[in-house]
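**Q** What shape does this take:
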Amino acid sequence: MIDVTTWTVHATREPSPHFIAAMDRRWRDGLQCAQEHKDGPAHTASPCAWRQCPLHALALLHVDRAAHKRRLRTQYFGSGDCTATGHGFTPMSDLIPGDMYGPESLEVAHTGSRSPLAAAIEAAKSDPGLLAVTVITESQFVDIDTFDEHSGQLLRPAMHGAVLPFVYASADETEDDAWEREDLLRANGYSTYTLDATVMGEDPHAAHSNLAILMEDVLDEIAHLKVDASARIVSHASLWPLIVVRAPETWNPARVATRSQSHH
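**A** Sure thing, here's the model as predicted:
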């Protein structure tokens, strides 16, 4: 059994409009800076998706906000390799000046050719205090070579840490596609939350607010899973929360990775 007091439900929910606006600026400025960095000399460019991909950067920003207030130790897992010597400080280190915890370094692990979700699950199994976060595509999730390694049932809430996958879904998908994916994810140990990121261009502050509230629900659900498992009142296999993000093709992590490779 682990000390479940690490995983707590938090009463404060939605950030203030002022903080939401600051988060949006931080997200956009970070992507612009990454683009300028990528377009610079080849020896300075870094293909790290957590800097260059809109979906990765959005997930990192919001996970960090929700995890920071709960003091959860978080690590972000991405596929491929990265030439950067470090990933700088967390977004909240910039957005909360004078934070009592001081600037905190961003913990990123690149998994090469291995599935980042499989690596995240393995890390959570070995560290009961870790929240392991990753972003993958639906096709990567269902890959026949790694599908079993992606099972949420590999994690036991009372003994292990937690994994939080973000899964990219095309904004053009049909309702039948969405239902088929929902059944597949549930069968593999996940309950799904869906974010429509297509509204980011029309009302970015509303999109950020929706994701902020969603993150509160997700981390509260993880806390409840752990408390219930510790109290041995769970009568069925646990379903870990997973966030499906419907977004334009330009947000597709696989496409971003291909562009980065061709740039080099």
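**Q** Which residue, neighbours along the chain excluded, lies closest to residue 109?
**A** For residue 109, ignoring the flanking residues on the chain, the nearest one in space by CB to CB, 6 or more residues apart in numbering is residue 77 at 5.1 Å. Where C-beta positions appear, they are placed from N, C-alpha and C, glycine not excepted.
**Q** Please apply the same query to residue 51.
**A** Take residue 51 and drop its neighbours on the chain: the residue closest to it by CB to CB, 6+ apart is residue 34, 4.1 Å away.
**Q** ok so, going back, is the residue nearest to residue 109 in contact with residue 120, as I believe?
**A** Yes - here residue 77 reaches residue 120: they are 4.4 Å apart, a contact under CB atoms under 8 Å.
**Q** contacting residues for residue 225?
**A** Contact partners of residue 225, counting by CB atoms under 8 Å, 6 or more residues apart in numbering, are 157, 162, 234, 238, 240.
**Q** is it true that the last one touches residue 161?
**A** It refers to residue 240. No - the pair formed by residue 240 and residue 161 falls short of the contact definition of CB under 8 Å, at 10.9 Å.
**Q** what sits in contact with each of those two?
**A** When contacts are counted by CB under 8 Å, 6+ apart, residue 240 and residue 161 are jointly contacted by residue 155.
**Q** circling back: so which helix or strand takes in the residue nearest to residue 109?
**A** strand 73-78 (DSSP states H and E).
**Q** could you point out which element follows that strand?
**A** Following the chain from strand 73-78 toward its C-terminal end, the next helix or strand by DSSP H and E is helix 91-95.
**Q** how about the residue nearest to residue 51, what does it touch?
**A** Residue 34 makes contacts with 51-52, 57, as judged by CB under 8 Å, 6+ apart.
**Q** Turn the residues you listed into TSV, columns for distance to residue 146, pLDDT and secondary structure.
**A** As requested, the contacts of residue 34 are exported to TSV (distance: CB to CB, whole Å; pLDDT from 0 to 100; DSSP: H, G, I helix; E, B strand; the rest coil):
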residue	distance to residue 146	pLDDT	secondary structure
51	25	85	helix
52	23	87	helix
57	24	96	helix
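**Q** Which one of these is nearest to residue 150?
**A** When the contacts of residue 34 are ranked by distance to residue 150 (CB to CB), residue 57 comes first, at 22.9 Å.
**Q** Would you confirm that that closest one contacts residue 32?
**A** No - distance between residue 57 and residue 32: 10.8 Å, which falls outside the contact criterion (CB under 8 Å).
**Q** Looking at those two, which has the bigger crowd around it?
**A** Neighbours were tallied for residue 57 and for residue 32 using other CB atoms under 10 Å; the higher tally belongs to residue 57 (21 against 10).
**Q** Tell me which helix or strand in the protein has the weakest average pLDDT.
**A** Here the helix or strand of the chain ranked lowest by mean pLDDT, DSSP states H and E is helix 253-263, holding a mean of 61.
**Q** If we go by neighbour counts, what in stretch 94-110 is buried?
**A** Along stretch 94-110, the positions that meet the burial threshold by neighbour count (16 or more other CB atoms under 10 Å) are 95-96, 104, 106, 108, 110.
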